[in-house]
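Student: The following comprises the amino acid sequence and a computationally predicted model.
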Amino acid sequence: QVQLVESGGGLVQAGGSLRLSCAASGRTFSSYTLGWFRQAPGKERDFVAAIRWSAGRTYYADSVKGRFTISRDNAKNTVFLQMNSLKPEDTAAYYCAASRAVVVTTDRSYEYWGQGTQVTVSS
């Protein structure tokens, strides 16, 4: 059974940093892409970043380019999202997800989802 468990969320002031982790288990993820999405109250779930597990190729939403970095630790089966220069508009629940699709910037491509971790950025 595939499990994705997020951690690392919290409350931070604008301009601060947080690092989210997603521990993946239950199968080999070499053929998967692991992605991060976020959803603010009353809004749709948006793509944030993704990384192809084997090749390491990364993808970012324009809104986070230059501020967020996605990475992976193969030995620990964990994906990270380093978030710097946080803004109040980054406030949302952040979800980790796994996909075998070619297109990885839409949530419809993802098969497995974690429970989410809350990130709140105060102004």
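Tutor: Received, thanks.
Student: dump the residue contacts of the closest residue to residue 39 other than its chain neighbours.
Tutor: Of all residues beyond its chain neighbours, the one nearest residue 39 is residue 45 (4.2 Å), with distances taken as Cβ to Cβ, 6 or more residues apart in numbering. Yep, even glycine has a C-beta here, placed from its N, CA and C like the rest. Counting by Cβ atoms under 8 Å, 6 or more residues apart in numbering, residue 45 makes contact with 37, 38, 39, 95, 107.
Student: Mind jotting down where the strands sit in this structure?
Tutor: With DSSP state E as the criterion, the chain has strands at 3-7, 10-13, 18-25, 33-39, 45-52, 58-60, 68-73, 78-83, 92-99, 110-113, 117-122.
Student: Can you give the distance of the first one from its chain's centre?
Tutor: I take that to be strand 3-7. Offset of strand 3-7 from its chain centre (Cα atoms, centre = their mean, to the nearest Å): 10 Å.
Student: what's the answer for the second one, then?
Tutor: Put simply, strand 10-13 sits 17 Å off its chain's centre (Cα atoms, centre = their mean).
Student: How about the fourth one?
Tutor: Here strand 33-39 is found 4 Å from its chain centre; the criterion is Cα atoms, centre = their mean.
Student: Thanks a lot, catch you later.
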